[in-house]
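A.B. asks: Quick one: sequence plus predicted model below, questions after.
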Amino acid sequence: MGESRDTLLPVGTPLGFFSMLTASPLGREVAEIRHGTRRLQLAPDLYGFWSQIASLGNRAAVSEWARAQGVANADGALSDLLEAGLVIELGLSPELDLQALSKHRLLPMGYGLGNTPEARGVFHVADQRGQSLYSMSGFTFGVWSLSDGHMSVRQACEAAARLFAVDLGQAMKGIAEELAGIVVSGAGLLDAIPDVPSEPVS
């Protein structure tokens, strides 16, 4: 059997842990994730598992991690996160990937550094100190730089393909791994596109 090609990506913005004055159904300690325009609460252990998804990357790595950590219900926890839309799985088929990327947006973080004359095909994103967070292809940098918080990842991919004059189908073959690298490095977050545009806070 060949190496697993599925890629698991967390969806949403982590908001951290909160100590509640009164116990919620999850207890006094909860964690929150902003998912589109919603704030979702998770039990701390499930939130901790969710935060590991990007670095684990695929189902095989999740299973190996669970065995090493002595976690008995990792498959069930992953199913719950997938059902809640807090994790998506890419690499199952091109059609399913396009469907998933049409419903999600990339939220860029950091600062683009562009490329250099010595390596024109490699583009960089840095943190506030100017330290490189992640290096990527021109196509992926186009996806990162064109993502404005409104367009879907699929729309950003299509726009980047036009900008860099590359074949969309070929360029999309590595996008799942590139998105994982962006999220793991802190160069961006994946989020759900809200069904209804958010209202400004008055």
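C.D. replies: All right, it came through fine.
A.B. asks: My read is that residue 41 contacts residue 29, right?
C.D. replies: No: the criterion here is CB atoms under 8 Å, and residue 41 misses it with residue 29 at 10.5 Å. Glycine gets a C-beta too; all of them are placed from N, C-alpha and C.
A.B. asks: so what are the domain limits for this protein?
C.D. replies: 7-90, 108-192 (automatic domain parsing).
A.B. asks: Please compute how far the first one lies from its chain's middle.
C.D. replies: If I follow you right, that is domain 7-90. Remark: domain 7-90 is offset 13 Å from the chain centroid, using CA atoms, centre = their mean, to the nearest Å.
A.B. asks: Next: stretch 103-111.
C.D. replies: Worked out by CA atoms, centre = their mean, stretch 103-111 lies 8 Å from the chain centre.
A.B. asks: Dihedrals phi and psi, residue 186?
C.D. replies: Here is the backbone geometry of residue 186 (degrees, to the nearest 10): phi 90, psi 10.
A.B. asks: roughly how far apart are the nearest residue to it once chain neighbours are set aside and residue 72?
C.D. replies: Nearest non-adjacent residue to residue 186, counting by CB to CB, 6 or more residues apart in numbering: residue 133, 5.5 Å away. Residue 133 sits 35 Å away from residue 72, going by CB to CB, to the nearest Å.
A.B. asks: who has more neighbours, the two?
C.D. replies: residue 133 (19 against 10; other CB atoms under 10 Å).
A.B. asks: Remind me which helix or strand the more buried one belongs to.
C.D. replies: Assigned by DSSP states H and E, residue 133 falls within strand 132-137.
A.B. asks: Show me what that strand is packed against.
C.D. replies: strand 119-126, helix 175-185 (3 or more CB pairs under 8 Å, 6 or more residues apart in numbering; DSSP states H and E).
A.B. asks: Give me the mean pLDDT for the last one.
C.D. replies: Mean pLDDT, computed over helix 175-185, is 93.
A.B. asks: Double-check that residue 92 belongs to a helix.
C.D. replies: No: counting by DSSP: H, G, I helix; E, B strand; the rest coil, residue 92 falls outside a helix, being coil.
A.B. asks: Pop out the phi and psi values for the closest residue to it other than its chain neighbours.
C.D. replies: Nearest residue to residue 92, sequence neighbours excluded (CB to CB, 6+ apart): residue 6, at 6.3 Å. The phi/psi pair for residue 6 (degrees, to the nearest 10) reads phi -70, psi 150.
A.B. asks: That's all I had, so thanks and see you.
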